[in-house]
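Enquirer: let me see the structure of the following:
(one chain, ligands or ions: 1)
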Amino acid sequence: MKSYIVGNWKMNFTVGESSVYLHKLSARVHAYRDIEVVVAPSFISLQPLSLQLDRKKIRLAAQTANARDFGAYTGEVSMAQLRGIVDYCIIGHSERRQLFHETDKCVRSAVAAALRNQIRPILCVGETETERTFGETCDVLRDQVLGGFSEVSTEDLEKVIVAYEPVWAISTTSGAKIAGPDDVAEAVKFIRRIIAVAYGKEISEKVAVLYGGSVSPANAGAYLTVPGVNGLLVGGASLIADKFIDIIETAKRVKS
Ligand code: PEP
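Expert: This next block holds a predicted model:
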């Protein structure tokens, strides 16, 4: 299976800065057969970057999108509008769930809308610190994974990418709360088991599962060698092109 290295730029970079970054990235990465390099800029940068982009090397993702196709939804951008511009869309990121009150129903509809518009969903799942403390991790992962997959047709199941992002390990600067490779291995194994029970073992082995949470050039290799991990969703470290390139090069080394 391919590995996916996805950079989530969140609400950073102007259009000009995004373009300069992409230029640098394009000059340093190659067209890898077994690694998909994806960046997720702000909505306003997607269209200009899609014209600048060499899709053999780098693909674009949106950071979220509305599940409805068109209509009176002021300020929203739909999957239908993103069709042909992005290849991926991050859905249900913990910041969307927590800060913008996205419900499981929004997430479920967005996954279906993405697929309907030829966009591959990157479905983010993960427990908060409180949920982990109260031993609810498995319940949370089961609800989020099954919820996200619930409107997906059988033939589209393997197009969904799951990103396991324990909320307590996202954007930690002190390094005190980093998920260990064993934590990640256990969660990823559990996610595949949920998919296997619901949709069969064959599908569970075809669905790509990424890890995200304070990934850096220093720890990327350790996460990429966790059994069952097919790539990384990178936030903070993806804002510095050199660090992101380092992580891509690590993925290349791990692959070979
Ligand atoms: C994220 O927000 O998806 C993420 C993984 O962020 P960071 O790498 O900064 O923890």
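
Enquirer: what about the residue of the stretch 151-256 of the chain found nearest the ligand, neighbour count?
Expert: In the stretch 151-256 of the chain, the residue that lies nearest the ligand is G235 (2.1 Å; CB to the nearest ligand atom). C-betas here are computed from N, CA, C, even on glycine. Residues near G235, counting by other CB atoms under 10 Å, number 22.

Enquirer: check M11 too.
Expert: For M11, the number of neighbouring residues by other CB under 10 Å comes to 7.

Enquirer: per-residue pLDDT, it?
Expert: Note on M11: pLDDT of 98.

Enquirer: for E165, see how far away the spatially closest residue to it that is not a sequence neighbour is.
Expert: Leaving aside its sequence neighbours, M11 sits nearest to S42 (CB to CB, 6 or more residues apart in numbering; 6.3 Å). Distance, S42 to E165, using CB to CB, to the nearest Å: 20 Å.

Enquirer: those two: who's more crowded?
Expert: Counted by other CB under 10 Å, S42 and E165 do not tie: E165 has more neighbours, with 27 against 16.

Enquirer: how about the strands in the stretch 51-200 of the chain?
Expert: Here the stretch 51-200 of the chain has its strands, by DSSP state E, counting those that start in this stretch, at 58-62, 88-91, 120-125, 161-164.

Enquirer: quick one, which of those strands gets closest to D34.
Expert: Closest approach to D34 among the strands of the stretch 51-200 of the chain (CB to CB): strand 58-62, 14.3 Å.

Enquirer: just want the angle from the closest one to strand 120-125.
Expert: 60 degrees (axes from the mean of the first three to the mean of the last three CA atoms, to 10 degrees).

Enquirer: adjacent strands (with direction) for strand 58-62?
Expert: Within its sheet, strand 58-62 is paired with strand 35-40 (parallel), strand 88-91 (parallel), according to DSSP bridges.

Enquirer: name the residues that touch the last one?
Expert: Applying CB atoms under 8 Å, 6 or more residues apart in numbering, the contact partners of strand 88-91 are 6, 8, 38, 40, 59-65, 79, 82, 107, 110-111, 114, 119-124, 148, 161, 163, 233.
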